[in-house]
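Q: the sequence and its predicted three-dimensional model are supplied below.
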Amino acid sequence: MAEAAVSEEVQGKKGSFGKILLLGLNGILFLSGIGFFLLTKFGVFTAPTTAETQAETNTQQEMPVNGTPVAQAPPPAQGVPLFQAAVVQGSGILVELKPFVVNLRGDHRSRYLRLALQLEISTEKLEEDINKRLPQIRDRLIFLLSSKTFDEVSQMDGKYRLQDEITQNVNEVLGIATAVQKTYFTDFIVQ
């Protein structure tokens, strides 16, 4: 009988100790959550800035298909939104061409490409030259685009290759090897 009383007393102490331990753990978790919220809200633990993330990505240099490294833009200044930094850092004039819609070469299925692009050039005189030679440029690009297959333009390396080919073809029409510095796709739909 004495043993039964002792075991009930021990069981009661174990139960109350477990409850106290559980209550303490809940309190610690609750306070940790509040502390984390306050620290992130007031800037101690903030997301990395664009300069930090840009510095991390600059350590891994991208390599396109042709093997030459892609030029990396320097990180934007602190507090400057990314879209403003891109506008400030642009070294050329952008000339927008009307969208192209062409049938793709290949199997018996009807596949087409809708492409809108902009050409980066260095001077306004080149912009005038492009406007004068626009029918020849569009003609050359229509033939180039319609010679591509669905598989060629649906892959990432094919898109990079197409950008290079467009730049090269426009430069050939203009007769200046460095007239167009870069081609940018602003709309690219393959179906």
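A: Good, I have the coordinates. Numbers count the residues shown, from 1 in each chain.
Q: list the buried residues of the host helix or strand of residue 171.
A: For residue 171, the host element (DSSP states H and E) is helix 156-174. Using 16 or more other Cβ atoms under 10 Å as the test for burial, helix 156-174 gives 158-159, 161-163, 165-167, 169-171, 173-174. For every residue, glycine as well, the C-beta is placed using N, CA and C.
Q: okay, the angle between the host helix or strand of residue 143 and helix 156-174?
A: Assigned by DSSP H and E, residue 143 falls within helix 134-146. Inter-element angle recorded for helix 134-146 and helix 156-174: 150 degrees (by axes from the mean of the first three to the mean of the last three Cα atoms, to 10 degrees).
Q: which other helices and strands contact the one helix or strand residue 129 maps to?
A: Element membership of residue 129, judged by DSSP H and E, is helix 124-132. When contacts are defined as 3 or more Cβ pairs under 8 Å, 6 or more residues apart in numbering; DSSP states H and E, helix 124-132 sits against strand 93-103, strand 112-121, helix 156-174.
Q: distance to residue 18 and mean pLDDT added to those, as JSON lines?
A: Below are those laid out as JSON lines (distance: least, Cβ to Cβ, whole Å; pLDDT from 0 to 100):
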{"stretch": "strand 93-103", "distance to residue 18": "69", "mean pLDDT": "94"}
{"stretch": "strand 112-121", "distance to residue 18": "67", "mean pLDDT": "94"}
{"stretch": "helix 156-174", "distance to residue 18": "58", "mean pLDDT": "94"}
